[in-house]
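In: turn this into a model:
(chains A, B and C)
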Amino acid sequence: MDSLQGALSALTPLNLGMNFMGVLVGMIVGALPGLGSVVAITVCLPFTFGMDAGTAMALLLGVYCGSICGGSISAILINTPGTPQSACTSLDGFPMAKAGKSAKAIGWALSASIAGGIFSCLVLSIATPTLAAFALEFGALETFALILMGLTCISSISAGNQMKGLAAGVMGLLLACVGGSPFSSESRFTFGLFSLNSGIDLVPVIVGVFALSEVITRAESMLYEGRVEATSTSGVTLPSMKEWSGRYWLLLKSSIIGTIVGIMPGTGAATASFLSYGEAKRSSPRRENFGKGEPDSIIAAESANNAVTGGAMVPTLALGIPGDPVTAIMLATFAIHGISPGVRLMTENPGIVYGTFAALAVANLLMYPACVITTRLFNYFLRLPEPILMGFVVVLCILGSYGARGNMVDVVVTMVAGVLAYVLRRQGFPMPPIVIGLVLGQQFEMSIGQMLLFKGTESWLSFLLSSPIAMVLFLFSAGMIALPVLSDTVKRKKQTSS
Amino acid sequence: MIRRIFCLALMFVVTLCTAAHAAYPDHPITLIVPFGAGGGTDVPARLVANMLEKKLGQPIVVQNIVGGSGTQGVAQITGSKPDGYTLGYIPVGTVCLQPHTQKLPYGKDSFTFLGMVTRQPVVLMSSKVAPWKNLEGMIEAVRKNPNKYVVAITGTANMTHVPVVELAEKFGLQFRYIPYRSTPEIMKDMIAGRVQLHADAPAALSQFDVYGLVQYVDVPVANLNMPTTKEVGLDKPMVHWQGIMGPKNMPAEVTGTLAKAIEEVVASKEFAEEATKISSAAYWMGPEAFQKQFDQEFEYYGGVLKEMLSKK
Amino acid sequence: MTLIKRNMLSGFSIVLVALILYSQTLSMGDAFLTEGIHPMDYPRVLIGLLAVLGFIIAFKPSASACSTGEHIAPITSRTPLMLLALSLYALLFVYVGFYVSSVVGASCCALVMGWKRCGLLLLVNLVGVACIWLLFTYALKIPLPVFPWW
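Out: Presented below is the predicted three-dimensional model:
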């Protein structure tokens, strides 16, 4: 009874209103390059002090969902992913927008986001305790296996260009090594600069690699192509049922990937979208069109990254273990309102827990109106003449990467990343692997070290056999590496024989 | 037209410059927090900032400068202008321990102390699935199986590592120390039983399914139901404090205004209540006493770390 | 540049980068160790891998490293100018703070991209930068670095 009342509390006018405000603010902040969920949430944090816990959660959850979806708007319209998790969306979203179908591209992204979010909400409300127990099974070895699987998607993402893709991936992993080592207080590869001690952050690299290098490319290509006509097709066009047919399985699969990645503390939405994008590129029947404006790729990335929201709530609510800074802020909000988070939360306060589930579901639905408004706002911005628009994009890029950590070195990193990415792209290196390497690098090194320490003097065989989950994940990884290579060879044989 | 814009701009600049000489504070103050939003340093910092801005009559902007286990943010504070408009909310580890193990652009003399805000003892926490129920049981089990049980740390030679090393030293215990990226990840492995021990501020006790074995103080703290280190014969109290500091050489009238305002906030009943809600404990200490305690602890941890390093 | 030459160039650049990074790993002798894991072990393995990949890219027949499918426009004088404008912006941002650098940076970018009307550009950028400053300072509560001598 308590739980039903809690769930209904998400539907009071005040909570609905706050939820909508949250989604809108999150979406607008998320659409600004470099600024993501954390900034959006800290902006709203002071307002939550005066609210009751349910209303505060409705606001924060709205911000969370909105900010993850908002990044895709700028990714599609100006090829500048607003957040790391929408980097994949720009790969096909921007080509679609270039072809004059920006409204459709946003429609795909939005509907996939909503579907992914709702799916994860359903999973959350049915199976939270079971999933929390599953999350506890993941120790260092299992985490290592999971990350290894994430890294193998580099192989499928760079199909046809394996070596350069792998080299880019290793560069990403090396970038993640800069700064303090996890196993001592020494710092590495800082070239004597103290500001590099804190490492290379993901945000400036994403902004540099995707947004700035795009600005440099645009400076050239403007001479040959016309401007991108985003204004002529402003708004959001949802895809019809007919267009969806044949893509349901992909949507379900990506949502599952997103939810599972969300459940693991410390992984995050960017990992989910890359994993699911890599999987779609390996298995989609339309994979030949990837990079030319194929909706499948948008679906894979967007449904996965929004499904993370529901997944991330599992350990947060059931165990009191936040998976990322955003859920950590939510737990702190609980604490400020006198509700002690942790293992006892679900039994002691079922009302607030089910209210949270409901608010998350509602936030996903409210993304539609919020997205329409944000896209309209964005279109005013897009009406500026392109050279001036690009000038502002550069300013926002720099500010976004500075604002993420408040570290001046990030400004320089953004520029260097932009220039290097431009050079590497000209040399035919794919960019997503660098980002994947950087996203997963730190945790990868950490899990290798932890695994070795946990293994101790035990033999490898018995250590590996003790974890069935890890063995399954290793098998998957092996498959994901082998399949693209095999299909490449088969194709080449066919070509030579014909 | 252009000339008019230029004139307006000039006037704007002139007004700003003259305004800069009014009584402190006359424009917003930045409070740097060297850890991320929503963490154990950030939440109390925002609480203080929220109450302090009402006392000072100027907004206080909390800025999270993250990286290098807090050293990046502290370096930013010490490098800023000592005009009272850039302050820092600093926890003990970044200023008392890290300077001994890393090359940092700040040291013992880089700060102006304004006041301590919270203070809690280090607590050694144990997983509920570990094969012991109290400190004696733990010591016995570890002696029987050296190098079997795992202590999780968040970084080498920090406040999660040093207290356990001291305890192990005293009782001749051998642990495996495994580093983690964050407290939540440690708690996950403690609940799952992969990690047995972790030392941290007592906040985690009320949030997670773990219990305390021993608290690192001489006089037991209310509401912490466990033996003290003095009782078990380890005379090494260690406390987690957080305080507000500025760069060195701040003018006296500014520090006076600030210290008074901070005292009014931290010593207030509202703040104590809010601090308890977020599992922290308000503790006021004025600038001189704070400086004195810092000097003592800086030397103390310096000695402890030197000993640790020499044994490695 | 032919594909083979291009691959040789990128392959050897990668090997060079690997060598530079490897030299950086040597400076750290005895680290403050935890349980015998040297902080440079993992990067060294990665660097080795990078060097091997560099050699493969340089010497493998070009079939494996075909185009990325991305259309890349040929270089004209705009590219170096754009790179210059961006670097100028970053440097100014670090040394003189947000206002000046952003107006200069945004204007330079627009000029490089072929915008001609300077007066209008300056006005739009001044207004735009002011709006962005308001947005960051008051709505997002992110303090921006202003003039350092302020």
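In: burial count for residue B:311?
Out: Using other Cβ atoms under 10 Å in any protein chain shown, residue B:311 has 8 other residues around it. Backbone N, C-alpha and C define where each C-beta goes, glycine included.
In: wait, residue B:238 sits on residue B:120?
Out: No: using Cβ atoms under 8 Å, residue B:238 is not in contact with residue B:120; the gap is 10.5 Å.
In: contacting residues around the closest residue to chain B within chain A?
Out: Here the residue of chain A nearest chain B is residue A:198; by Cβ to the nearest Cβ that distance is 2.2 Å. By Cβ atoms under 8 Å, 6 or more residues apart in numbering or on different chains, the contact set of residue A:198 is A:179, A:180, A:405, A:407, A:409, B:66, B:67, B:68, B:71, B:72.
In: and residue A:309, by the same measure?
Out: A:61, A:64, A:65, A:68, A:117, A:120, A:262, A:269, A:360.
In: is it true that the first one lies in a helix?
Out: Which is residue A:61. Yes: the assignment for residue A:61 (DSSP: H, G, I helix; E, B strand; the rest coil) places it in a helix.
In: that one reaches residue A:361, doesn't it?
Out: No: using Cβ under 8 Å, residue A:61 makes no contact with residue A:361, being 9.5 Å away.
In: the two - which one has more neighbours?
Out: Neighbour count, other Cβ under 10 Å: between residue A:61 and residue A:361, residue A:61 has more, with 31 against 22.
In: quick check: pLDDT value at the more buried one.
Out: Residue A:61 carries a pLDDT score of 93 in this model.
In: ditto for residue A:90
Out: Reading off the model, residue A:90 has pLDDT 89.
In: was I right to think it contacts residue A:83?
Out: No: between residue A:90 and residue A:83 there is no contact under Cβ under 8 Å: 11.0 Å.
In: neighbour count for those two, which is higher?
Out: Legend: neighbour count by other Cβ under 10 Å for residue A:90 and residue A:83, higher for residue A:83 (36 against 27).
In: returning to what we had before: so what's the residue of chain A closest to chain B closest to, chain neighbours aside?
Out: residue B:67 (2.2 Å; Cβ to Cβ, 6 or more residues apart in numbering or on different chains).
In: name the residues of stretch A:464-479 that are buried.
Out: A:464, A:467, A:470, A:473, A:474, A:477 (16 or more other Cβ atoms under 10 Å in any protein chain shown).
In: where does the chain have low pLDDT?
Out: Chain wasn't specified; assuming chain A. A:1, A:225-234, A:484, A:497-498 (pLDDT under 70).
In: was after chain C, sorry
Out: C:1, C:28-35, C:61-74, C:147-150.
In: is the longest helix along it positioned near chain A?
Out: Taking DSSP state H as the criterion, chain C has its longest helix at helix C:3-26. Yes: applying Cβ under 8 Å from any Cβ of the partner chain, one finds helix C:3-26 in contact with chain A at C:6, C:7, C:9, C:10, C:14, C:21, C:24, C:25.
In: in ChimeraX, select just the buried ones from those.
Out: Selecting only the buried entries of the residues of helix C:3-26 next to chain A in ChimeraX, with 16+ other Cβ under 10 Å as the criterion:
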select /C:6,7,10,14,21,25
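In: can you pull out the helices in chain C?
Out: Counting by DSSP H, the helices of chain C are C:3-26, C:41-59, C:78-96, C:98-112, C:118-134.
In: deepest-packed of those, please.
Out: helix C:98-112 (a mean of 23; mean count of other Cβ atoms under 10 Å in any protein chain shown).
In: which elements pack onto the longest helix of chain C?
Out: If you count contacts as 3 or more Cβ pairs under 8 Å, 6 or more residues apart in numbering or on different chains; DSSP states H and E, helix C:3-26 packs onto helix A:162-177, helix C:41-59.
In: angle of the last one against helix C:3-26?
Out: Right, the one you point to is helix C:41-59. 160 degrees (axes from the mean of the first three to the mean of the last three Cα atoms, to 10 degrees).
In: which residues touch helix C:41-59?
Out: Taking Cβ under 8 Å, 6+ apart as the rule, helix C:41-59 contacts A:163-164, A:166-167, A:170-171, A:173-174, A:177, A:188-189, A:445, A:448-449, C:7-8, C:10-15, C:17-19, C:21-22, C:25, C:65.
In: next, the angle from that helix to helix A:162-177.
Out: Going by the same axes, to 10 degrees, helix C:41-59 makes 150 degrees with helix A:162-177.
In: how distant is helix C:41-59 from the center of its chain?
Out: For helix C:41-59, the separation from the chain centroid amounts to 22 Å (computed by Cα atoms, centre = their mean, to the nearest Å).
In: how about the shortest one?
Out: Put simply, helix A:162-177 sits 19 Å off its chain's centre (Cα atoms, centre = their mean).
In: now check it, is it near chain C?
Out: Yes: Helix A:162-177 lies within reach of chain C by Cβ under 8 Å from any Cβ, at A:162, A:163, A:164, A:166, A:167, A:170, A:171, A:173, A:174, A:177.
In: what's the nearest residue to residue A:400 once chain neighbours are set aside in contact with, if anything?
Out: Nearest residue to residue A:400, sequence neighbours excluded (Cβ to Cβ, 6+ apart): residue A:34, at 1.9 Å. For residue A:34, the contact set (Cβ under 8 Å, 6+ apart) comprises A:82, A:203, A:204, A:206, A:207, A:396, A:397, A:399, A:400, A:401, A:403, A:404.
In: what does residue A:458 give?
Out: Here residue A:458 is in contact with no residue (Cβ under 8 Å, 6+ apart).
In: and what about it, helix, strand or coil?
Out: Going by three-state DSSP: residue A:458 is coil.
In: all helices for chain B, in order.
Out: B:2-19, B:42-56, B:71-78, B:92-96, B:98-101, B:135-144, B:162-171, B:183-192, B:203-207, B:229-232, B:252-266, B:269-277, B:287-311.
In: got JSON lines for these, with distance to chain A and mean pLDDT too?
Out: Below are these laid out as JSON lines (distance: least, Cβ to the nearest Cβ, whole Å; pLDDT from 0 to 100):
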{"stretch": "helix B:2-19", "distance to chain A": "19", "mean pLDDT": "50"}
{"stretch": "helix B:42-56", "distance to chain A": "5", "mean pLDDT": "90"}
{"stretch": "helix B:71-78", "distance to chain A": "4", "mean pLDDT": "89"}
{"stretch": "helix B:92-96", "distance to chain A": "11", "mean pLDDT": "91"}
{"stretch": "helix B:98-101", "distance to chain A": "5", "mean pLDDT": "86"}
{"stretch": "helix B:135-144", "distance to chain A": "15", "mean pLDDT": "93"}
{"stretch": "helix B:162-171", "distance to chain A": "12", "mean pLDDT": "91"}
{"stretch": "helix B:183-192", "distance to chain A": "4", "mean pLDDT": "88"}
{"stretch": "helix B:203-207", "distance to chain A": "5", "mean pLDDT": "79"}
{"stretch": "helix B:229-232", "distance to chain A": "25", "mean pLDDT": "88"}
{"stretch": "helix B:252-266", "distance to chain A": "15", "mean pLDDT": "92"}
{"stretch": "helix B:269-277", "distance to chain A": "6", "mean pLDDT": "88"}
{"stretch": "helix B:287-311", "distance to chain A": "10", "mean pLDDT": "89"}
